[in-house]
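*Asks:* quick one: sequence plus predicted model below, questions after.
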Amino acid sequence: MSRDSILVGIDIGSSNIRTIIAQNPRKEIPRVVGVSIVPSFGIRRGVIVDTEEVAKVINESVEKSERMAGITVKKAVVSTGGSEIGFQRSKGVVAVGRADGEVTENDIQRVLNEVQMVPLSLNREIVHIVPQGYRLDDQENIKDPVGMRGVRLEVNALLIEDSASHVKNIAKCLSQSNIEIDDIVLEPLAAAKSVLGKKQKELGVVLVNLRGGTTSIAVFEEGELLHTAIIPVGAGHITNDIAIGLRTTVEVAEKVKLEYGCALPEEISRKEEIDLARIDSQEEGSVSRYHVAEIIEARLEEIFKLVNKELQSIKRAGLLPAGAVLTGGGAKLPYIADVAKKILGLPTQIGFPANLGGMLNEVDDPSFATAVGLILWGLERESILQDGLTGVKVIDNISRNAEYTVDKMRRWLGRFLP
């Protein structure tokens, strides 16, 4: 396998770090050849708080994938997401460069550069620039103005920010494993890429990614990213609630959630008991499975009410025809779609990642949606670079100045390399 034929995605989560290695045969879909999942440490609510711990886990995860694939990882697309993510809207305006008024890729690059010339708070960096509509002279709501003719080109865009220190910490952790960062992607956008279809994005859909420390959403309409947000409550909070309710350890509570958890108490017999000694020999007694379901339902209702509040803020609550798609480890709880449907008032389904070949049984799971999306993101980036479009990155109408960001990442990596 040549280096150019390898795609690597590293999903850095609060509960687990997942690595996927895929081979990219020409004119075929990528084939998964290496997969790993390792419990993470040093991450809280999606933010790195201990670089040494995170670096060790990333290294362990990558090494496991490397042994399975039989190759050495040199570069990867990595995820970001957490309570420090921020958003703001911006507008850019430029004059079309060519004398005949035809809009070129260079004009798109220039107007996107204008968009990011906004004042940022101290220690903030732009990680994504998402155009939400171009305007050429008096013509509005243009998706792709390249090839059209005019004088004045404008764009309205959503800027997604992250803490500069967090991005640098990601770079430091990867550099300790001698891995170059190809790209850094907001995790709900990566997850959306692996589970959402074009028709869903056209009709209107919300992706809800339930991770350990956070729940993130991405709302699409008419094929465009309309809104995204990070909610600082996730599936890990359900585990904590169970631990408090049962007066047991977090480790035992996690096992109870995974083995006996249910999002709807009415689906559980009030007489059904869970023998804690079967889960941990140091535990005694039994607990009501119905009570555990009540705890889970209460926290899920809170999470989906917060999701609905985000939809209300953009006037889309109950108004997305393609409904809600749930991903992430938390989406595997039985009957969770029923709770989401009740709170959001939308048709709801569980999202499974698609568009890959090879070891599908290893990644055919909602918890791998982000990691698979990173592979697909890297695939499209590679295709665009091969076509010579190194200045502007366009993925499902989600664009950003990829060259600008990757160059920044390489400079940051250089600071930490020995």
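*Replies:* That came through, no problem.

*Asks:* the helices in the stretch 101-250 of the chain, which residues?
*Replies:* 105-115, 164-175, 187-195, 198-203, 235-246, 250-260 (DSSP state H, counting those that start in this stretch).

*Asks:* only the buried residues of the helix or strand where Ser90 lies, if you could.
*Replies:* Using DSSP states H and E, Ser90 maps to strand 86-95. Applying a neighbour-count criterion of 16 or more other C-beta atoms under 10 Å, one finds 90, 92, 94 buried in strand 86-95. C-beta coordinates here come from the backbone N, C-alpha and C atoms, glycine included.

*Asks:* neighbours around Asn24, how many?
*Replies:* 19 (other C-beta atoms under 10 Å).

*Asks:* distance of it from Asp364?
*Replies:* 19 Å (C-beta to C-beta, to the nearest Å).

*Asks:* any low-confidence regions in the stretch 201-350 of the chain?
*Replies:* In the predicted model of the stretch 201-350 of the chain, no residue satisfies pLDDT under 70.

*Asks:* can you say which of the helices of the stretch 101-250 of the chain is packed in most?
*Replies:* Greatest average neighbour count among those goes to helix 187-195 (a mean of 29), per mean count of other C-beta atoms under 10 Å.

*Asks:* now tell me what touches that one from outside.
*Replies:* By C-beta atoms under 8 Å, 6 or more residues apart in numbering, the residues outside helix 187-195 that reach it are 9, 11, 13, 46, 79-81, 128, 207, 209, 211, 216-218, 220, 225, 228, 230, 325, 327-328, 351-355, 369-374, 376-377, 395-396, 398.

*Asks:* before we move on, the earlier item: between the helices of the stretch 101-250 of the chain, which one is closest to Gly150.
*Replies:* Closest to Gly150 of the helices of the stretch 101-250 of the chain is helix 105-115 (C-beta to C-beta; 9.7 Å).

*Asks:* report the rounded mean pLDDT for the closest one.
*Replies:* For helix 105-115, the mean pLDDT works out to 91.

*Asks:* can I get stretch 260-267 in CSV, CA atoms only?
*Replies:* What follows is stretch 260-267, C-alpha atoms only, in CSV (Å, rounded to 0.1, in the frame of the first residue of the first chain):
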residue,chain,number,x,y,z
TYR,A,260,-29.6,-3.2,31.0
GLY,A,261,-30.3,0.4,29.9
CYS,A,262,-33.6,1.4,28.3
ALA,A,263,-34.9,4.8,27.4
LEU,A,264,-38.6,4.0,28.0
PRO,A,265,-39.6,2.8,31.5
GLU,A,266,-43.0,1.5,30.2
GLU,A,267,-41.1,-1.1,28.2
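
*Asks:* list the buried residues of that stretch.
*Replies:* Under 16+ other C-beta under 10 Å, the buried positions of stretch 260-267 are 260-265.

*Asks:* rewinding a little: which of the contacts of helix 187-195 count as buried?
*Replies:* The buried subset of the contacts of helix 187-195 - by 16+ other C-beta under 10 Å - is 9, 11, 13, 46, 79-81, 128, 207, 209, 211, 216-218, 220, 225, 228, 230, 325, 327-328, 351-353, 369-374, 376-377, 395-396, 398.

*Asks:* name the helices or strands packed onto the longest helix along the chain?
*Replies:* Criterion DSSP state H: the longest helix present in the chain is helix 289-313. Packing contacts for helix 289-313, counted by 3 or more C-beta pairs under 8 Å, 6 or more residues apart in numbering; DSSP states H and E, involve strand 205-210, strand 215-221, strand 224-231, helix 235-246, helix 250-260, strand 273-275, helix 336-344.

*Asks:* what about the helix or strand that that helix is followed by, distance to the chain center?
*Replies:* Sequence-wise, the next helix or strand downstream of helix 289-313 (DSSP H and E) is strand 324-327. Its chain's average C-alpha position is 12 Å from that of strand 324-327, according to C-alpha atoms, centre = their mean, to the nearest Å.

*Asks:* sheet partners, orientation included, of strand 324-327?
*Replies:* Paired neighbours of strand 324-327 in the sheet (DSSP bridges): strand 205-210 (parallel), strand 348-350 (parallel).

*Asks:* now what about the shortest one, what contacts it?
*Replies:* When you say that, I think you mean strand 348-350. With contact meaning C-beta under 8 Å, 6+ apart, strand 348-350 is reached by 323-327, 331-332, 336-338, 340-341, 366.

*Asks:* out of these, which two sit at the greatest distance?
*Replies:* The widest separation within the contacts of strand 348-350 (C-beta to C-beta) is 18.5 Å, between Gly323 and Lys332.

*Asks:* make JSON lines out of the strands paired with strand 324-327 and add distance to Ile85.
*Replies:* What follows is these, written out as JSON lines (distance: least, C-beta to C-beta, whole Å):
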{"stretch": "strand 205-210", "distance to Ile85": "12"}
{"stretch": "strand 348-350", "distance to Ile85": "24"}
